[in-house]
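Participant: From the sequence below, what's the structure:
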Amino acid sequence: MNPKLEQTLGTWLRGIRADEKHLAFNDPRFAAAPVTISLTSSAFVEGAPMPKRYAGVGVGDNISPPLGWSNLPAATRELVLIMQDPDAPLPRPVTHVAVTGIPIGWTGLAEGALTAGPPLAFARGSFGRVGYAGPRPILGHGLHRYVFQIFALNRGLSLPPLPKLNLVLAGMADTLLARGVLVGTYERP
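Facilitator: Numbering: from 1, shown residues only. Okay, here's the model as predicted:
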């Protein structure tokens, strides 16, 4: 898209946001699960800007940031990680990546680990994308939040290959033990 046109569109849409109430983390089916998992990144701190390296195609290198977690419940059998943008000018947050089947012995993911393919199992993100799609908010739309959400489940999910997010969330509903969240931000001038 022409940068001037994108800037104009972004400025015009500035007040339109999907809203955080639609994040996977805030799904009413998960309200009883405590927020006890610590989710961190060595690349940015909670609420701070994400380095350009992790921004999406055409803006940055589209490499997923390193992530680490701790304080998993003893009964955890599977982890699910979802990254969403609740500030996109759409009815629902944009899902940038959704990963299921993360082994419980892992304590994090290295930089670039969210590239589609084994050993991780991916669900479809927004627009049918599979694998990490970094921040790329529309020019002029303002600061966007990128919400990394981790979920500990008491059993493994049984899903078809590349499921849609709603199927993943439905499968998690009766298995959720705990959750955690990390927010990074990104803005294009």
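
Participant: Moving C-terminal from the biggest helix by length in the chain, which element do we reach first?
Facilitator: Criterion DSSP state H: the longest helix present in the chain is helix 3-12. The element immediately downstream of helix 3-12 (helix or strand, assigned by DSSP states H and E) is strand 38-40.

Participant: pLDDT score for the closest residue to residue 20 other than its chain neighbours?
Facilitator: Ranked by C-beta to C-beta, 6 or more residues apart in numbering and with sequence neighbours excluded, the top spatial neighbour of residue 20 is residue 86, at 4.2 Å. No exception for glycine: its C-beta is placed from N, CA and C like everyone else's. If you check residue 86, the pLDDT there is 98.

Participant: Please identify which helix or strand holds the most centrally placed residue in the chain.
Facilitator: Central residue of the chain (C-alpha atoms, centre = their mean): residue 83, 0.3 Å from the mean position. Counting by DSSP H and E, the element that carries residue 83 is strand 78-85.

Participant: tell me what that strand is packed against?
Facilitator: strand 94-102, strand 144-153, helix 165-172 (3 or more C-beta pairs under 8 Å, 6 or more residues apart in numbering; DSSP states H and E).

Participant: Given the second one, what are its sheet partners and their directions?
Facilitator: Yep, that's strand 144-153 we're talking about. strand 78-85 (antiparallel), strand 176-186 (antiparallel) (DSSP bridges).

Participant: quick one, phi/psi of residue 76?
Facilitator: phi -60, psi 130 (degrees, to the nearest 10).

Participant: Surely it is in contact with residue 152?
Facilitator: Yes. Under the criterion of C-beta atoms under 8 Å, residue 76 makes contact with residue 152 at 4.2 Å.

Participant: Looking at those two, which is more packed in?
Facilitator: More crowded of residue 76 and residue 152, by other C-beta atoms under 10 Å: residue 152, with 28 against 16.

Participant: Please tell me how far the more buried one sits from residue 169.
Facilitator: Using C-beta to C-beta, to the nearest Å, one obtains 15 Å as the distance from residue 152 to residue 169.

Participant: pLDDT below threshold where in the protein?
Facilitator: 10 (pLDDT under 70).

Participant: so what's the residue nearest to the centre of the chain up against?
Facilitator: Residue 83 makes contact with 95-98, 132, 146-149 under the criterion C-beta atoms under 8 Å, 6 or more residues apart in numbering.

Participant: Specify the beta-bridge partners of it.
Facilitator: The partner residues for residue 83, given DSSP bridges, come to residue 97, residue 148.

Participant: With residue 12 as the reference, measure out to it.
Facilitator: For residue 83 relative to residue 12 (C-beta to C-beta), the value is 26 Å.

Participant: neighbours around the residue nearest to residue 20, how many?
Facilitator: Burial measure for residue 86: 22 neighbouring residues, criterion other C-beta under 10 Å.

Participant: swap in the one 10 residues further on?
Facilitator: Counted with other C-beta under 10 Å, the neighbours of residue 96 add up to 25.
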